[in-house]
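Undergrad: Using only what follows, build the 3D model:
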Amino acid sequence: MKKFLILISILSPVLGIAQKKPVFPKTFDLVVGAYTSGSSKGIAVYRFYTETGRLAYLNQIDNVSNPSYLTVSKNNKFVYAVNENDQGEVSSFSFEPKTGKLTFINKVSTLGGSPCYVSVDKNQKNLFVANYSGGNIAVLPLNEDGSIGAAVQTIKDGGHGPNKERQEKAHVHTAVLSPDEKYVLYTDLGTDKINITKYKGGKNNPIVPANPAFVSVTPGYGPRHLAFSNDKKTMYLITEMGSSVIVFDYNNGKPKQRQDITLLPDGFKGQTGAADIHISPNGRFLYASNRGDANDISVFSINQENGELTFIERRPSGGKGPRNFIIDPTGKFLIVAHQNSDNITVWRLDETSGKIMQVVNRVEVGNPVCLQFAPAM
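TA: Numbers count the residues shown, from 1 in each chain. A predicted model of the protein is given here:
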């Protein structure tokens with residue numbers, strides 16, 4: 001019997017045993033965060049159809065100040081959104097996936113100005129917020145009813161970078177949990193560092209500096225967003241000012257730089273502002289957005305052995321200011337939020353080559369800057 005099981009294990013990739021593609025629902029909710037200085041008034045929810053790429057408006061909640069980044073809880077019951085303003089706040093909402101209805105629960109201080117990123121652990125114990133102008137990361141506990149408690153910890157970064165206009169002090173941009181949730185990593189555009197903390201939970205000081213406590217990148221690059229490979233062995237950083245992707249070997253909270261690859265074509269002279277980075281569900285391709293005069297999405301193939309990137313193509317994003325984008329869970333579509341042209345575009349992807357094919361849908365939304373998927377139950 002044991003020999004038979006070993007033989008099945010060896011032959012399963014050939015026979016197709018345990019190699020079935022995951023079954024996805026036909027619809028998801030697309031939750032859209034936006035700046036409310038223009039025509040948007042809050043958070044909108046659209047139904048996304050995975051067979052066609054169609055978006056259909058469901059619902060929205062108004063009177064939410066600058067929900068520029070948001071996240072959906074693991075149990076799909078709550079949405080948390082930063083309020084990117086000078087005083088710094090984060091709001092919680094109950095969420096009904098069937099209708100897309102959001103109901104305000106509460107709002108608390110993030111103890112830092114201009115919060116621009118929020119994440120939540122899988123057990124829904126804590127929120128992690130990056131305060132851009134405050135230059136710090138804040139940890140806020142969550143209650144069972146989805147409400148947010150007062151911040152229990154902040155860590156403020158010090159220092160500056162070579163760009164006197166944009167790196168005069170710390171500017172924390174993300175607060176990302178490692179795949180195993182043993183670490184919280186936060187990028188600092190102002191000091192050109194990825195800071196690394198251990199996440200130990202508990203009510204007092206849930207995060208503590210790791211050893212090493214940070215890794216530095218090329219001065220003036222301005223670290224922005226992070227993504228991890230599907231096998232969790234590689235970490236990718238997009239640099240806003242450097243307009244590049246830096247590849248790190250990742251092992252238990254210890255990143256080691258392997259590669260630095262540009263997003264720009266040879267001879268490019270215009271303004272840039274690299275923004276977002278995501279990996280395809282099949283783990284074979286990486287996508288990165290660039291704003292300014294570029295307004296494009298770069299596509300790279302991922303070496304499955306060492307995580308290194310090879311450039312495939314660069315495509316116009318379909319609007320101005322592609323601050324944020326997302327790949328649908330089926331891997332068939334890439335959806336881009338354009339802050340400066342008030343629209344969201346849905347692109348079909350070639351799952352074999354990774355290339356961006358054609359626009360299949362476009363909706364008008366005021367100043368969209370964050371997209372998150374939630375199963376439509």
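
Undergrad: give me the low-pLDDT residue ranges for the stretch 251-377 of the chain?
TA: Counting by pLDDT under 70, the stretch 251-377 of the chain contains no low-confidence range.

Undergrad: mind redoing it with 80?
TA: When the per-residue scores of the stretch 251-377 of the chain are filtered using pLDDT under 80, the ranges that remain are 377.

Undergrad: For it, which segments count as strands?
TA: Secondary structure of the stretch 251-377 of the chain (DSSP state E, counting those that start in this stretch): strands at 254-262, 274-279, 285-290, 296-302, 309-316, 322-327, 333-338, 343-349, 356-364, 368-375.

Undergrad: for those strands, which one sits closest to Ala138?
TA: Closest of the strands of the stretch 251-377 of the chain to Ala138 is strand 368-375, at 18.4 Å (criterion: CB to CB). All C-beta spots, glycine's among them, are computed from the backbone N, C-alpha and C.

Undergrad: For the closest one, output the C-alpha coordinates as PDB.
TA: Taking C-alpha atoms only, strand 368-375 is exported to PDB below (Å, rounded to 0.1, in the frame of the first residue of the first chain):
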ATOM      1  CA  PRO A 368     -10.200  56.300  -7.600                       C
ATOM      2  CA  VAL A 369      -7.000  55.300  -5.800                       C
ATOM      3  CA  CYS A 370      -7.600  51.900  -4.100                       C
ATOM      4  CA  LEU A 371      -9.200  48.600  -5.300                       C
ATOM      5  CA  GLN A 372      -9.900  45.600  -3.200                       C
ATOM      6  CA  PHE A 373     -11.800  42.400  -4.000                       C
ATOM      7  CA  ALA A 374     -14.200  40.500  -1.700                       C
ATOM      8  CA  PRO A 375     -16.200  37.400  -2.500                       C
END
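
Undergrad: list the buried ones in that strand?
TA: Pro368, Val369, Cys370, Leu371, Gln372, Phe373, Ala374 (16 or more other CB atoms under 10 Å).

Undergrad: Could you count how many residues lie near the residue nearest to Lys193 when sequence neighbours are not counted?
TA: Taking CB to CB, 6 or more residues apart in numbering, and ignoring the residues beside it in sequence, Lys193 has Phe214 as its nearest neighbour in space, at 4.5 Å. Counted with other CB atoms under 10 Å, residues neighbouring Phe214 total 18.

Undergrad: How about Asn106?
TA: When counting by other CB under 10 Å, one arrives at 14 neighbours for Asn106.

Undergrad: One more: Thr191?
TA: Using other CB under 10 Å as the criterion, the residues surrounding Thr191 number 25.

Undergrad: who touches it in this structure?
TA: Asp157, Gly158, Gly159, His160, Gly161, Gln167, Ala170 (CB atoms under 8 Å, 6 or more residues apart in numbering).

Undergrad: how does it look with 6 Å?
TA: Under the criterion of CB atoms under 6 Å, 6 or more residues apart in numbering, the neighbours of Thr191 are Asp157, Gly159, Gly161, Ala170.

Undergrad: for Ile312, same thing?
TA: When the contact criterion is CB under 6 Å, 6+ apart, the partners of Ile312 are Val299, Ser301, Gly354.

Undergrad: Highest neighbour count among those residues?
TA: Neighbour counts for the contacts of Ile312 peak at Val299, which has 24 neighbours (criterion: other CB under 10 Å).

Undergrad: Ala288 versus that one, what's the distance?
TA: Taken as CB to CB, to the nearest Å, the spacing of Val299 relative to Ala288 amounts to 8 Å.

Undergrad: Same question for Asn63.
TA: For Asn63, the distance to Ala288 equals 34 Å [CB to CB].

Undergrad: who's more crowded, those two?
TA: Using other CB under 10 Å as the criterion, Asn63 and Ala288 rank with Ala288 on top: 27 against 8.

Undergrad: Pairing partners for that one in the sheet, please.
TA: Beta-bridge pairing of Ala288 under DSSP bridges involves Ile277, Ser298.

Undergrad: Asn324: neighbouring residues, count only.
TA: Using other CB under 10 Å, Asn324 is surrounded by 25 other residues.

Undergrad: what residues are up against it?
TA: So, once contact is read as CB under 6 Å, 6+ apart, Asn324 ends up touching Asp276, Ala337, Val369, Cys370, Leu371.
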